[in-house]
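from the sequence below, what's the structure:
(one chain, ligands or ions: 3)
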Amino acid sequence: MAELGKATQQELKDISSAFQVYGDFVSGCPYGSGHINDTYQVTYSVGGAQMHYLLQRINHHVFTQPANVQQNILRVTRHIADKLRAQGVKDISRHTLTLILTRDGEPVHHDVAGNWWRMYVFVEGAKTYDQIQSAHQAELVGEAFADFQNMVADLTQPRLHETIPHFHNTVKRYEALQAAIQKDAFNRAKDVKAEIAFVEARADTFGRLLERSAKGEIPERVTHNDTKLNNVMLDDETGKGICVIDLDTVMPGLALYDFGDMCRTATANAAEDEQDLSKVYSRMDMFEAIAKGYCRGAKFLVQAEKEELAFSARLITMTIGIRFLTDYLSGDTYFHIKRPGHNVDRTRTQLKMVQSMEEQAEQMEAIVKAALAE
Ligand code: ADP
Ligand code: GN1
Ligand code: MG
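Ligands and ions are numbered 1, 2, ... in the order given. You can find the predicted model right below:
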């Protein structure tokens, strides 16, 4: 798929003027470290005050129906805002994303070049972290995502759009990997033999949650589906997880995948693309803290979900590893990369995390039990 180039100042000015913002455009700059969309912070001078906005080009190669994504996000964010208002929460636009509509009243702007853009209120005084800083922070992250699941739990009818079908279906992700290995379009399979073997050796576990879900033991819920650490904004003063962001994949799914993805990123001792694998392992102090924070908020969990919490961390980490590996073999078309081999580095950290979690599986089960008992 074609890489979407970076927007110029003039383009950012023109595009932001399609939205209901007032005052004078000052500047725009690339923002954040997401792998999918193109994110910009734009600054306006409004009545003499500098105001920031978050402008995003939706990756329409990944989200082929951007209008559906935006319908979901509008619904989800309004639903959360209504709940917060009813609870008397102050500063609602710091506690949920708030879309700024276009001048035509639409939640998305489709430009002449065929790109899809959205604008959000910029959440000030809070930031995202690519790596966990403390166990206390991990606990707050677990709590924030559990709160999010609680808030959207009743958004069942009509069903949200499935913005990416089978998103966390590990069996299908593995099939896609096998197809990419077969094709080996870039003659890269030879570089990742050990990684492929690691994945293949565990293939019999990939259907475990899908099977329990098909049997009705694990319920479908409304879930976030991209609960990596840098998709929650933490307040600069209190450290609390105040705003869950990156809502493109909020749709029906399994709560376990959300829990697993928090553990994948927030228990990691090193960056997702760390090249020194001796630094990469899953930290049990962080796992304990996330499990505590999440279980405190997720009182809705049924028995089968409780049984699979520790396993879900391994499974989702494996799934993301499979996706990075598939993207490497297919020529790096899905995830943004900053260097050749970036997706191999990411694959290796994920597989190392899986191995680390396997080695600590018993401890993880004990931690989950204790967290559920609190
Ligand atoms: P991607 O899908 O590419 O990961 P995100 O929606 O997660 O894109 O945005 C990328 C980064 O931009 C986030 O990690 C966060 O740091 C920042 N960000 C996103 N939305 C906001 C917002 N409303 N206010 C302030 N920062 C934001
Ligand atoms: C992507 O958009 P971002 O960077 O928050 C990806 C996730 C992966 C993650 C790996 C829509 O998340 O599924 O887990 O990268 N998002 C999408 O870091 O594919
Ligand atoms: Mg993100």
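
packing partners of the lengthiest helix in the chain?
When the chain is parsed with DSSP state H, its longest helix is helix 303-329. Using 3 or more C-beta pairs under 8 Å, 6 or more residues apart in numbering; DSSP states H and E as the contact criterion, the elements in contact with helix 303-329 are helix 170-183, helix 193-200, helix 208-214, helix 255-266, helix 284-297, helix 342-359, helix 361-373. All C-beta spots, glycine's among them, are computed from the backbone N, C-alpha and C.

next, the angle helix 342-359 makes with it.
The directions of helix 303-329 and helix 342-359 differ by 150 degrees, with axes from the mean of the first three to the mean of the last three C-alpha atoms, to 10 degrees as the criterion.

any buried residues in helix 303-329, and which?
304-329 (16 or more other C-beta atoms under 10 Å).

contacts with ligand 2 among those, please.
Among those, proximity to ligand 2 is found for I320 (C-beta under 6 Å from any ligand atom).

which residues of the protein score low on pLDDT?
Applying pLDDT under 70 to the chain picks out residues 1-5.

and for the residue in the stretch 101-250 of the chain positioned nearest to ligand 3, the neighbour number?
Distances from the stretch 101-250 of the chain to ligand 3, computed as C-beta to the ion, single out D246 as the nearest residue at 3.7 Å. When neighbours are counted by other C-beta atoms under 10 Å, D246 registers 23.

likewise for the one 10 residues further on?
Summarising burial for L256: neighbours were counted as other C-beta under 10 Å, giving 27.

ok, and the closest non-adjacent residue to it?
For L256, ignoring the flanking residues on the chain, the nearest one in space by C-beta to C-beta, 6 or more residues apart in numbering is S312 at 3.8 Å.

swap in Y328?
Setting aside the residues directly before and after it, Y328 is nearest to N343 in space (C-beta to C-beta, 6+ apart), at 3.9 Å.

next SSE downstream of the helix or strand hosting L12?
In the assignment (DSSP states H and E), L12 maps to helix 9-16. Read in the C-terminal direction, the helix or strand following helix 9-16 is strand 24-30, with elements assigned using DSSP H and E.

tell me the residue of the stretch 1-150 of the chain that sits nearest ligand 3?
Using C-beta to the ion, the point where the stretch 1-150 of the chain gets nearest to ligand 3 is G34, with a distance of 3.8 Å.

please name the residues that touch that residue.
When contacts are counted by C-beta atoms under 8 Å, 6 or more residues apart in numbering, G34 touches N230, D246, H336.

and the helices and strands packed on helix 303-329: which comes nearest A153?
helix 255-266 (9.5 Å; C-beta to C-beta).

okay, buried residues for the closest one please.
Buried residues in helix 255-266, defined by neighbour count with 16+ other C-beta under 10 Å: A255, L256, Y257, D258, F259, G260, D261, M262, C263, R264, T265, A266.

the residue sitting nearest the centre point of the chain - nearest residue in space that isn't next to it in sequence?
A centroid search over the chain (C-alpha atoms, centre = their mean) returns D226, at 2.4 Å, as the residue closest to the centre. On the basis of C-beta to C-beta, 6+ apart, the spatially nearest residue to D226 that is not a chain neighbour turns out to be T249, at 4.8 Å.

so that neighbour is in contact with F167, correct?
Yes: under the criterion of C-beta atoms under 8 Å, T249 lies in contact with F167, with a separation of 6.1 Å.

who has more neighbours out of those two?
It is T249, of T249 and F167, that has more neighbours when counted by other C-beta under 10 Å, with 23 against 18.

for the more buried one, which three-state class applies?
T249 falls in the coil class when you classify it by DSSP: H, G, I helix; E, B strand; the rest coil.

distance of it relative to ligand 1?
9 Å (C-beta to the nearest ligand atom, to the nearest Å).

quick one, what contacts that residue?
Residues touching T249, when contacts are defined by C-beta under 8 Å, 6+ apart, comprise T163, I164, F167, H224, N225, D226.

with those residues in mind, which one is nearest to ligand 1?
Nearest to ligand 1 among the contacts of T249: D226, at 7.3 Å, using C-beta to the nearest ligand atom.

beta partners of the closest residue to V232 other than its chain neighbours?
On the basis of C-beta to C-beta, 6+ apart, the spatially nearest residue to V232 that is not a chain neighbour turns out to be G241, at 4.6 Å. On the basis of DSSP bridges, G241 takes part in beta bridges with L234.

residue in the stretch 201-350 of the chain nearest to ligand 1?
Among residues of the stretch 201-350 of the chain, the one nearest ligand 1 by C-beta to the nearest ligand atom turns out to be D246. It sits 3.5 Å away.

show me what contacts D246?
The contact partners of D246, taken as C-beta under 8 Å, 6+ apart, are G34, D226, N231.

surely it is within a helix?
No: if the criterion is three-state DSSP, then D246 is coil and not within a helix.

thinking again about what came up before, give me the common contacts of T249 and F167.
In contact with both T249 and F167: N225, using C-beta under 8 Å, 6+ apart.

returning to what we had before: closest to ligand 2 among the contacts of T249?
D226 (4.9 Å).

wait, doesn't that closest one sit right on D248?
Yes: judged on C-beta under 8 Å, D226 makes contact with D248 at a distance of 7.2 Å.

mind listing what's buried along stretch 141-153?
Judged by neighbour count (16+ other C-beta under 10 Å), stretch 141-153 contains these buried residues: V141, G142, E143, A144, F145, A146, D147, F148, Q149, M151, V152.

ok, the closest residue to G331 other than its chain neighbours - how many residues close by?
Counting by C-beta to C-beta, 6+ apart, F186 is the residue found nearest to G331 once chain neighbours are left out, at 5.2 Å. With neighbours defined by other C-beta under 10 Å, the count for F186 comes to 13.

got the contact list for F186?
F186 makes contacts with L329, S330, G331, as judged by C-beta under 8 Å, 6+ apart.
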